[in-house]
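>>> Structure of the sequence below:
(one chain, ligands or ions: 1)
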Amino acid sequence: MSALVLIGRQSSHYTRVVRMLALELDMAVDLEPIHDLLSLAPAVFAGNPALKLPALRLGGDVVWGSVNACRALARASAAGEDGVAWPEQARSPQLLNAHELVAHAMAAQVEVVFHEIVSGRPPDDASRKRRASLVNSLAWLDRELDAVRGELPAGRIALLELQLFCLLEHLPFRNPVDLSGWPRLVAFADAWRQRPSARATPYRFDPPPA
Ligand SMILES: N[C@@H](CCC(=O)N[C@@H](CS)C(=O)NCC(=O)O)C(=O)O
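A predicted model of the protein is given here:
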């Protein structure tokens, strides 16, 4: 048993960001699955009152949220926090906007999947706008991807790229969207898919407890 335990789901794009970063940083992390996504009990979500996953347990401490988990992991790694390019280090409007849109698109994906797939609710004005905002964000990211990536610092793992990859892979898994009109996003995901950290963390549903 590792000292680091990630409480999350193999089917979650937020959880996968943390799992992939752990592998990129050569850190051993055990995954403790959350089976009841719709639970109203914070205890199910490692004490998170927002009832969200993932969370990372480090010895006696717990941090909630994927970015906090990534930061805690990086701090505990040999590379330290400097091994990763963080959102708050972005300076140009282009890179700041890319962070905003990736964060937004990840959250919108959760809402779209909850509304349309988990709850099976019919479309309404709010859900149509949410889906449009997801699609618009992806279109912007495709258009600007080369410029945005050109602004990321070399030699560090960019959280933005990890998040974008996990989001792009989550689309066919939970919310199929036609990506063929966005060739830069497709090529980006194809390249990231070859990395050992991506190969080791395919999306799947955690088997229910025996
Ligand atoms: N800001 C959080 C968002 C986490 C999030 O939305 N997680 C989804 C799973 S991928 C979740 O908990 N969904 C359950 C819900 O929204 O009720 C993070 O970065 O971890």
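>>> contacting residues around residue 130?
Shown here is residue 130, whose contacts under the criterion C-beta atoms under 8 Å, 6 or more residues apart in numbering are 108, 111-112, 115. The way it works is simple: take the backbone N, C-alpha and C, and place the C-beta from them, glycine included.
>>> now do 6 Å
For residue 130, the contact set (C-beta atoms under 6 Å, 6 or more residues apart in numbering) comprises 108, 111-112.
>>> From these, which land in helices?
108, 111-112 (DSSP state H).
>>> Outline the domain layout of this structure.
Per automatic domain parsing, the structural domains of the chain span 4-83, 84-195.
>>> Spell out whether the last one and the ligand are in contact.
Same thing as domain 84-195. Yes. Residues of domain 84-195 contacting the ligand under C-beta under 6 Å from any ligand atom: residue 110.
>>> re earlier: wait, which of the domains of the chain is closest to residue 201?
Minimum separation from residue 201 across the domains of the chain (C-beta to C-beta) falls at domain 4-83, 4.7 Å.
>>> ok, which stretches of this protein are helices?
Using DSSP H, helices in the chain cover 13-24, 66-76, 93-112, 125-150, 159-174, 183-193, 196-199.
>>> could you dump the second one to PDB, C-alpha only?
So that's helix 66-76. Taking Å, rounded to 0.1, in the frame of the first residue of the first chain, the C-alpha atoms of helix 66-76 are listed here in PDB:
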ATOM      1  CA  SER A  66      -7.700  17.500  -9.100                       C
ATOM      2  CA  VAL A  67      -5.400  20.500  -9.200                       C
ATOM      3  CA  ASN A  68      -4.800  20.400  -5.500                       C
ATOM      4  CA  ALA A  69      -4.100  16.700  -5.800                       C
ATOM      5  CA  CYS A  70      -1.600  17.400  -8.600                       C
ATOM      6  CA  ARG A  71       0.100  20.100  -6.600                       C
ATOM      7  CA  ALA A  72       0.400  17.900  -3.600                       C
ATOM      8  CA  LEU A  73       1.800  15.100  -5.700                       C
ATOM      9  CA  ALA A  74       4.300  17.400  -7.400                       C
ATOM     10  CA  ARG A  75       5.500  18.800  -4.100                       C
ATOM     11  CA  ALA A  76       6.100  15.200  -2.900                       C
END
